[in-house]
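**Q** got a predicted structure here, sequence first:
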Amino acid sequence: MEINGQEGHRYEESSSEWFVKYLKRQGDWLEKTRGNLMVTATVIAGMSFQVMVNPPGGVWQSDNCSFGNQTGTAPVCKGRAGTAVLEYESSKRIAYIGMIISSTVSFSTSMSLILLVISGIRLRNRMIMAILGTFMVVAVLCISAAFFFAIVLVQSDDQIIRDILVIYVGFWVVFPVLILLIQLVRFIGWLICFMCCCCCPRRRRFH
């Protein structure tokens, strides 16, 4: 019984060591890709900023106002100088708001990721790993959504362009789901291995 207890304790240590090595390997990978994360986040932030300051369709060069037939009435402006032209287009309003939201979220997550990387925080922390991964996924998906809304803003009612946009949306729906499924399978496999390593010592104790 004492020998079985020693073996069980040894197996418990080996399973815990394996888990620690797994986390260390993930942390090492993040440490090595710190520079790549910085470059990727900087590029995405630059793209998001460019969409905001140079929107599709351009900006009004001067106020587009009409005073009406009656004198002394307040002018009715369809556009202000420096504002986006498509902002005042009622048929494109939803797409414009979607582009603004997507670009803002993408820019914010990218800048937050850059701040985390340059702050000197060790990337081996599990919480930091989860935050970095989440921010990067959100930034990529949002900049892809901003591209879609930008195309919708400037495209005409062309059936070919519509088909291309449908394929584009389908790709960005299927591809993240596929990655999520792969990660889920990997997590389930890791969980099974971890449970087997924990259960084997218990079984040997009863023998």
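**A** Sure thing, it's come through.

**Q** got any ranges where the protein has weak pLDDT?
**A** 1-33, 62-82, 122-126, 194, 197-207 (pLDDT under 70).

**Q** okay, strands next: where are they in the protein?
**A** 64-66, 76-79 (DSSP state E).

**Q** quick one, phi/psi of Ser156?
**A** Per-residue torsions, Ser156: phi -90, psi -180 (degrees, to the nearest 10).

**Q** what's around it, how many residues?
**A** Per other CB atoms under 10 Å, the neighbour tally for Ser156 reads 6. (Glycine included, C-beta is placed from N, CA and C.)

**Q** distance-wise, check it relative to Glu87.
**A** For Ser156, the distance to Glu87 equals 19 Å [CB to CB, to the nearest Å].

**Q** repeat for Leu181
**A** 39 Å.

**Q** in terms of secondary structure, what does the helix ranked longest in the chain contact?
**A** Identified as the longest helix of the chain according to DSSP state H is helix 159-206. Applying 3 or more CB pairs under 8 Å, 6 or more residues apart in numbering; DSSP states H and E, one finds that helix 159-206 contacts helix 2-32, helix 126-154.

**Q** and the angle from it to helix 126-154?
**A** On the basis of axes from the mean of the first three to the mean of the last three CA atoms, to 10 degrees, helix 159-206 is oriented at 160 degrees to helix 126-154.

**Q** tally up the residues packed near Leu178, please.
**A** Other residues lying near Leu178 total 10 when counted by other CB under 10 Å.

**Q** to clarify, my last question referred to Cys142.
**A** Around Cys142 sit 22 other residues, with neighbours defined as other CB under 10 Å.

**Q** and for stretch 34-52, what's in contact with it?
**A** Residues outside stretch 34-52 that contact it (CB atoms under 8 Å, 6 or more residues apart in numbering): 30, 99-100, 103-104, 106-107, 110-111, 113-114, 117-118, 123, 132, 136, 139-140, 142-143, 146, 150.

**Q** then that stretch to PDB, C-alphas only?
**A** Extracted in PDB, the C-alpha atoms of stretch 34-52 (Å, rounded to 0.1, in the frame of the first residue of the first chain):
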ATOM      1  CA  ARG A  34       5.800  39.800 -29.000                       C
ATOM      2  CA  GLY A  35       7.300  41.700 -31.900                       C
ATOM      3  CA  ASN A  36       4.800  40.100 -34.400                       C
ATOM      4  CA  LEU A  37       1.900  41.100 -32.200                       C
ATOM      5  CA  MET A  38       3.200  44.700 -32.100                       C
ATOM      6  CA  VAL A  39       3.400  44.900 -35.900                       C
ATOM      7  CA  THR A  40       0.000  43.300 -36.400                       C
ATOM      8  CA  ALA A  41      -1.700  45.500 -33.900                       C
ATOM      9  CA  THR A  42       0.000  48.600 -35.400                       C
ATOM     10  CA  VAL A  43      -1.100  47.800 -38.900                       C
ATOM     11  CA  ILE A  44      -4.700  47.100 -37.800                       C
ATOM     12  CA  ALA A  45      -4.800  50.400 -35.800                       C
ATOM     13  CA  GLY A  46      -3.500  52.300 -38.800                       C
ATOM     14  CA  MET A  47      -6.100  50.800 -41.000                       C
ATOM     15  CA  SER A  48      -8.900  51.600 -38.600                       C
ATOM     16  CA  PHE A  49      -7.600  55.200 -38.100                       C
ATOM     17  CA  GLN A  50      -7.400  55.700 -41.900                       C
ATOM     18  CA  VAL A  51     -11.000  54.600 -42.400                       C
ATOM     19  CA  MET A  52     -12.200  57.100 -39.800                       C
END
